[in-house]
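> Predicted coordinates and the sequence they were generated for:
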Amino acid sequence: VDNDRRDLDINNRDVDAKKMTRFVRMNELRLVTEYNPVTAIGVMQSSLEFNLLLITDKMSPKHPERMRKFRAAAELYKGKILFILLDSNLKSNERVVSYFQLKKSQLPALAIFHTPDDEHDVLTPDEISIERVQDFCNRFLQ
């Protein structure tokens, strides 16, 4: 995943089925999963209970830099929060944008939610930064 290789040190005697399962679960997903009709089922069935969406226009000239920062933040929460990219230009994503009561003029936005109880929060920052993503996630997790 993400053109990267992760190795589990199996020479360590502490490796059991639980630790191996956790290793696979943490590394089977991309750092950032793009939400679309194909990935929607996998995203909804993820074992991670926290999801962070970056709702943005993929055609924006700022998109590559936003994604670089979002991906870097995702590395910090691997195995805790599922990071999701939601392209605001796709008609099929309009329902998700409206769920968070956002308008196009408020994008890009970050939306975090806890799947078991639908608790969520939205942040509409001027600019996406690793620090802002961290602060937002940490506040919500607390």
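Great, that's in hand.

> which residue sits closest to Leu110 in space, ignoring its chain neighbours?
Excluding its sequence neighbours, the residue lying closest to Leu110 (CB to CB, 6 or more residues apart in numbering) is Leu123, at 4.5 Å. Glycine gets a C-beta too; all of them are placed from N, C-alpha and C.

> Quick one: residues contacting that neighbour.
By CB atoms under 8 Å, 6 or more residues apart in numbering, Leu123 lies in contact with 109-111, 132, 136.

> Which pair of these spans the longest distance?
By the measure CB to CB, those have their two most distant members at Ala111 and Arg132, which lie 13.5 Å apart.

> Compare these two and say which is more crowded by neighbours.
When neighbours are counted by other CB atoms under 10 Å, Ala111 comes out ahead of the other of Ala111 and Arg132, with 23 against 16.

> what's next to whichever strand or helix holds that one, contact-wise?
Assigned by DSSP states H and E, Ala111 falls within strand 109-114. With CB under 8 Å, 6+ apart as the test, strand 109-114 has contacts from 49-56, 81, 100, 102, 119-125, 128, 132-133, 136-137, 140.

> per-residue confidence averaged over it?
Computed over strand 109-114, the mean pLDDT rounds to 96.

> What is the distance between that strand and the centre of its chain?
Between the mean C-alpha point of strand 109-114 and the mean C-alpha point of its chain there is a distance of 9 Å (CA atoms, centre = their mean, to the nearest Å).

> likewise stretch 71-79?
The chain centroid and the centroid of stretch 71-79 are separated by 8 Å under CA atoms, centre = their mean.

> ok, and the closest non-adjacent residue to the residue nearest in space to the middle of the chain?
Geometric centre of the chain, nearest residue: Phe83, 0.7 Å, by CA atoms, centre = their mean. With sequence-adjacent residues excluded and distances taken as CB to CB, 6+ apart, Phe83 is closest to Ala74, at 3.9 Å.
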